[in-house]
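> A predicted structure for the sequence below; I have some questions about it.
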Amino acid sequence: MTPATRIGAVSYLNTKPLLYGIERSNLLLPDQLKLDYPANLASMLRDNLIDAALLPVAAIPSIANARIISNYGIAADGDVVSVAIFSQVPIKDVTSVYLDYQSRTSVRLAQLLLERYWKIDVTFKQANEHYIDYINGTTAGVIIGDRALKQLNNFEYVYDLSAAWKAHTGLDFVFAAWVANKELPAAFIERFDAANAEGLKHIDEVIRENPFPWYDLDTYYRKNIRYELDSSKREGLRTFLEMIQE
């Protein structure tokens, strides 16, 4: 491993199993693992503040020399639960949608599905830190991550974006993948992939370390999130990237 290898990730619950393995692998020094919002990781990678990141996939086309370096990431083959449009009215009655500022991928997915799957014309609003308080009437909002899990019982209508993507395309969806913008040592990549895999063997420990009363993490980790980027996930990723570049 080169001391220059710096990795960026988010601290959402969905990354905890992967980070469990990485943090215990002795691959990185503590200051070589940077945690931030998904949307900020792309900027950090572009500015060479990190060498690889668990990157929201919509940012991949904006990264020069981007390459996926791991067989693991954050994906789903149906309900992901933690990425959704929340509303007090049916989707057909929605007139405006707040866009979560934390993730470009979820925003682009929502925009695609509203146009092509639900086929409704809405006004998009940039969200501020407290935008969830303003989701009411015919104004809906995209909420992601742990905050989405906490809001599941607070809204009349919750439209899971991964499930909608599956219904629209028949494909799985990849939210984030480990992406580098430069060639990393093969030995590091091999050990990094093994660390991800090792973390997934310790789901029970991750659940114990992260008490979360709003949603069952056993269901979340074992049924909602798919961590291995198999061929069906990569096909879904290719299709999504093609759609957002059209």
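Okay, I see it. Here the structure is a predicted model, which means the values were calculated and not measured.
> contacts and neighbour counts: CA atoms only from here.
Noted.
> per-domain residue ranges of the protein.
7-76+172-245, 83-169 (automatic domain parsing).
> helices or strands up against the helix or strand harbouring Lys166?
If you go by DSSP states H and E, Lys166 is part of helix 161-169. Contact analysis of helix 161-169 by 3 or more CA pairs under 8 Å, 6 or more residues apart in numbering; DSSP states H and E lists strand 83-87, helix 104-116, strand 173-180 as its packing neighbours.
> Please repeat the previous calculation with a cut-off of 6 Å.
With contacts taken as 3 or more CA pairs under 6 Å, 6 or more residues apart in numbering; DSSP states H and E, helix 161-169 sits against no other helix or strand.
> gap between the longest strand seen in the chain and the chain center?
In the chain, with assignment by DSSP state E, the single longest strand is strand 67-76. How far strand 67-76 lies from its chain's middle: 11 Å, per CA atoms, centre = their mean, to the nearest Å.
> Stretch 53-64 now?
11 Å.
> Output it as CSV, nothing but the C-alphas.
Taking Å, rounded to 0.1, in the frame of the first residue of the first chain, the C-alpha atoms of stretch 53-64 are listed here in CSV:
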residue,chain,number,x,y,z
ALA,A,53,-14.3,7.3,-3.3
LEU,A,54,-17.5,5.4,-2.8
LEU,A,55,-18.9,7.7,-5.4
PRO,A,56,-22.5,8.5,-6.4
VAL,A,57,-22.5,6.9,-9.9
ALA,A,58,-24.1,10.0,-11.6
ALA,A,59,-20.8,11.8,-10.9
ILE,A,60,-18.7,9.2,-12.8
PRO,A,61,-19.0,11.0,-16.2
SER,A,62,-17.6,14.2,-14.6
ILE,A,63,-14.4,12.5,-13.3
ALA,A,64,-11.5,12.4,-15.7
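> tell me the mean pLDDT over it?
Across stretch 53-64, the average pLDDT comes to 94.
> who touches that stretch?
Contacts to stretch 53-64, defined as CA atoms under 6 Å, 6 or more residues apart in numbering, come from residues 7-9, 105, 175-179.
> From those, which shows the smallest pLDDT?
Thr105 (91).
> what's around that one, how many residues?
23 (other CA atoms under 10 Å).
> can you pull the contacts of it?
56, 58.
> rerun that using 8 Å as the cut-off
56-59, 175 (CA atoms under 8 Å, 6 or more residues apart in numbering).
> what's the angle between the longest strand of the chain and strand 173-180?
Angle, strand 67-76 to strand 173-180, by axes from the mean of the first three to the mean of the last three CA atoms, to 10 degrees: 150 degrees.
> of all the contacts of Thr105, which two lie farthest apart?
Ala59 and Phe175 (10.5 Å; CA to CA).
> between these two, which one's more packed in?
Counting neighbours by other CA under 10 Å for Ala59 and for Phe175 shows that Phe175 has the greater number, 23 against 20.
> Look up how far Lys233 lies from the more buried one.
10 Å (CA to CA, to the nearest Å).
> Next: Gly21.
Distance from Gly21 to Lys233, by CA to CA: 22 Å.
> swap in Ile120?
For Ile120 relative to Lys233 (CA to CA), the value is 27 Å.
> higher neighbour count, those two?
Neighbour count, other CA under 10 Å: between Ile120 and Lys233, Lys233 has more, with 23 against 14.
> Just the element for the more buried one, please.
Lys233 belongs to helix 231-245, assigned by DSSP H and E.
> what's the residue nearest the centre of the chain in contact with, if anything?
Closest to where the C-alpha atoms of the chain average out (CA atoms, centre = their mean) is Phe175, at 4.0 Å. Taking CA under 8 Å, 6+ apart, we find Phe175 in contact with 56-57, 73-75, 105-106.
> Can I get the residues you listed in a markdown table including distance to Leu113?
As requested, the contacts of Phe175 are exported to a markdown table (distance: CA to CA, whole Å):
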| residue | distance to Leu113 |
| --- | --- |
| Pro56 | 17 |
| Val57 | 16 |
| Gly73 | 22 |
| Ile74 | 19 |
| Ala75 | 17 |
| Thr105 | 12 |
| Ser106 | 11 |
